[in-house]
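1. from the sequence below, what's the structure:
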Amino acid sequence: MSPTDKQYIYDMPIAPVELLTAEIFPATASNQGELYIRIDDWEAPVTYFVGRNGSGKSKAAKLIAQKDTSSLYLSTDRLLGVMSVNSTPTGATINEARGVALDDRNASHYEQQSRLHGMATEQMLVLRKQPDVALRVAAFLRRALGRVIELRETSGYLDPFVRVGNVEYSLFRDEGHGLRELIVLLTAVYRSDWQLLVVDEPELHLHPSMARLWVSELMRECEASGRRALIVTHEPSVLAPSNASELSSIWFFDVNRRPSKISSHFEEAQATRVTAGLTVNNRLISQLVFAPRPVLVEGPHDVRALSTALARTKDPAVVAQTEFVPCGSSNAVALWFAISRSLGLDVRAVADLDAIFSSDVQKTIDRSAELQRRYRDELYADPPATHTALRPLIEAADRASVKKDERSRARWLADLDPAGSAPMSRRDKILEVWRAEGLWLHPQGTLEDVLGIEKGKAEPDIAAAVVGEIDAVSDWCAFELDPRGEVEHLLGAAVERIANAINHAQGIDPLASFNRPVGTTSSIDEKLVDIQPLSEGRYRLTVKLPVDFAGYWMDFDRATSSNEMRLRSPQQPKTDEMSDALVNI
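-> Numbering: from 1, shown residues only. Below is the predicted model:
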């Protein structure tokens, strides 16, 4: 019996699934038997895997599908199944597809490929075998896109056509990937032979609105039938939880960490506050897990002011990579800062000065071992915690008869006299330590104080459109991925490898002299560096590429230690230049 003929009992629970680390990443002696992920229940209609590339999401999803015999799996390469692909010694060639072959031998092959590799070919055959599925797919396309799909058979091939008004054309030969993708995904949802549908990146080739519509249709189908789905996604628009309970269905993957449910990173007592944050900003979770480095702020005014200052002072590339995430209040910023840090996210946060007295904020920031060290070594706080570091300031505020509420004490801190003020010096040191931990508190007091405006009397983005103190905050928030340091590190390792290869060759033949790299990668290495003999057995490597590092150099011989085998900038005097200088003296 083929999978398209099976009928599953939907009220049967999906069995718990367990994967080991060695199944996801190369097996080593240290990870044998180590648990990677265990999903005990599938209560939510749709479960999501999110996280950066290379964190193991796709491999885990595929293995889960393979372990569950009631599953249907679609991989990121699924559309290759509806293309005509020829493998050659020089690579794959994609030709015009005649369609999906209808003979039994090919149908069996399609079924196997779909099961093992998540190919889409079988979905096209389902349209032919299950007319009810074809009707539902056609109805969705007609309503959403105004397209009509017609199944045709030509010379033993299923060859679907698309009709728009009086125009018709082949789905396989004349249509782009987007419509093909949508048809395949819809067919998978509507077919009746799966208990667990696993789809890797359904958003591929789809407009975000179509991706959201498809997820909504999947959710509706799962809720109506009791079936379940697992989605691996990088699309922010499909991830919009509205309450804390929904976070138990979102698994976050990170490199060198076991995946975990987002709900496991806050306490049950915090669930109401988490829901409040999601109500304030329904994009909060997608911003956290998909932004290069999110910046948590209190509200929309912070977003407007900081975005304006950033756009005025930074390149568009920096603006595009810096995402401000409104949370609702300073305590909400602290809550999401703690959740983000627990997840392992690279996150920063900005709040008003009164947050320094918040127990939630203090609890979050005090978890840092580096902060504790600096409290102990620089502020002589014992125990090394914020409440101890703040004690002299609180005592000074009490002597000044400052009210004990957080807002009044923050106003007092902001207005401290800078002239030889020990309290101000201590305040600034604490704020400096906090900034190093990723949390900026406005020393002026509030955002309005930073902008020099009265709350509710002026627009924050207008105030931030001119040079001011807000620029220091936006500059601290700015994020830009600059790989130059990594390039320099890798280039240094490559140059050291080239030098070691020459030293090795010199050891084999002490009388030989070299003016080009040696070894199996010499043709590549020759593009990176020039080699110049300096004296018997001593050489200089000079970098040619990358252009940014052209002229960097390294002198070496067989006696050069590994510590000395490092690149030097063109401005550093070379050994022969130093010798000439000594002679002239």
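2. rest of the way, CA atoms for contacts and neighbours
-> OK.
3. where does the stretch 301-450 of the chain have low pLDDT?
-> Where the stretch 301-450 of the chain drops to pLDDT under 70, the residues are 419-420.
4. again, only using 90
-> Segments of the stretch 301-450 of the chain classed as low confidence (criterion: pLDDT under 90) are 317, 329-331, 358-361, 364, 417-424.
5. so which residues of it form helices?
-> 316-321, 330-343, 359-365, 369-378, 386-399, 406-414, 422-436, 447-451 (DSSP state H, counting those that start in this stretch).
6. looking at this protein, which helix or strand is least sure?
-> Across the helices and strands of the chain, mean pLDDT, DSSP states H and E gives its lowest value to helix 575-584, namely a mean of 49.
7. which stretches in the stretch 401-550 of the chain count as strands?
-> Secondary structure of the stretch 401-550 of the chain (DSSP state E, counting those that start in this stretch): strands at 439-441, 529-535, 538-543.
8. for these, which one sits closest to residue 367?
-> strand 439-441 (13.0 Å; Cα to Cα).
9. that closest one - contacts with which helices or strands?
-> Applying 3 or more Cα pairs under 8 Å, 6 or more residues apart in numbering; DSSP states H and E, we find strand 439-441 packed against strand 348-351, helix 422-436.
10. need the CA coordinates for the last one. CSV is fine.
-> Right, helix 422-436. Taking only C-alpha atoms (Å, rounded to 0.1, in the frame of the first residue of the first chain), the coordinates of helix 422-436 have been written out as CSV:
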residue,chain,number,x,y,z
ALA,A,422,32.4,61.0,45.0
PRO,A,423,28.8,59.8,44.5
MET,A,424,28.9,60.9,40.8
SER,A,425,32.2,59.2,40.3
ARG,A,426,30.7,56.0,41.8
ARG,A,427,27.6,56.3,39.7
ASP,A,428,29.6,56.7,36.5
LYS,A,429,31.8,53.7,37.4
ILE,A,430,28.7,51.5,37.9
LEU,A,431,27.2,52.7,34.7
GLU,A,432,30.4,52.0,32.9
VAL,A,433,30.5,48.4,34.3
TRP,A,434,26.9,47.9,33.2
ARG,A,435,27.6,49.1,29.7
ALA,A,436,30.4,46.6,29.4
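11. which parts of that helix are buried?
-> 423-424, 426-427, 429-431, 433-435 (16 or more other Cα atoms under 10 Å).
12. residues contacting that helix, please?
-> Contacts to helix 422-436, defined as Cα atoms under 8 Å, 6 or more residues apart in numbering, come from residues 365, 371, 374, 379, 389, 392-393, 396, 413, 416-418, 440-441, 443.
13. got the angle for it vs helix 386-399?
-> Using axes from the mean of the first three to the mean of the last three Cα atoms, to 10 degrees, one finds that helix 422-436 and helix 386-399 are set 150 degrees apart in direction.
14. what about residue 440, how many residues nearby?
-> When neighbours are defined as other Cα atoms under 10 Å, residue 440 has 23 of them.
15. that one reaches residue 354, doesn't it?
-> No: with contacts defined as Cα atoms under 8 Å, residue 440 does not count as touching residue 354, sitting 11.7 Å away.
16. pipe the helices of the stretch 301-450 of the chain into JSON lines and attach distance to residue 194 per row.
-> Below are the helices of the stretch 301-450 of the chain laid out as JSON lines (distance: least, Cα to Cα, whole Å):
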{"stretch": "helix 316-321", "distance to residue 194": "40"}
{"stretch": "helix 330-343", "distance to residue 194": "33"}
{"stretch": "helix 359-365", "distance to residue 194": "44"}
{"stretch": "helix 369-378", "distance to residue 194": "49"}
{"stretch": "helix 386-399", "distance to residue 194": "54"}
{"stretch": "helix 406-414", "distance to residue 194": "56"}
{"stretch": "helix 422-436", "distance to residue 194": "51"}
{"stretch": "helix 447-451", "distance to residue 194": "54"}
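17. out of those, flag the one nearest residue 197.
-> Across those, closest to residue 197 is helix 330-343 (Cα to Cα), at 26.7 Å.
18. how near is the closest residue to residue 16 other than its chain neighbours to residue 17?
-> Computed as Cα to Cα, 6 or more residues apart in numbering, the closest residue to residue 16 that is not its neighbour in sequence is residue 40, at 4.4 Å. Look at residue 40 and residue 17: by Cα to Cα, to the nearest Å, they are 7 Å apart.
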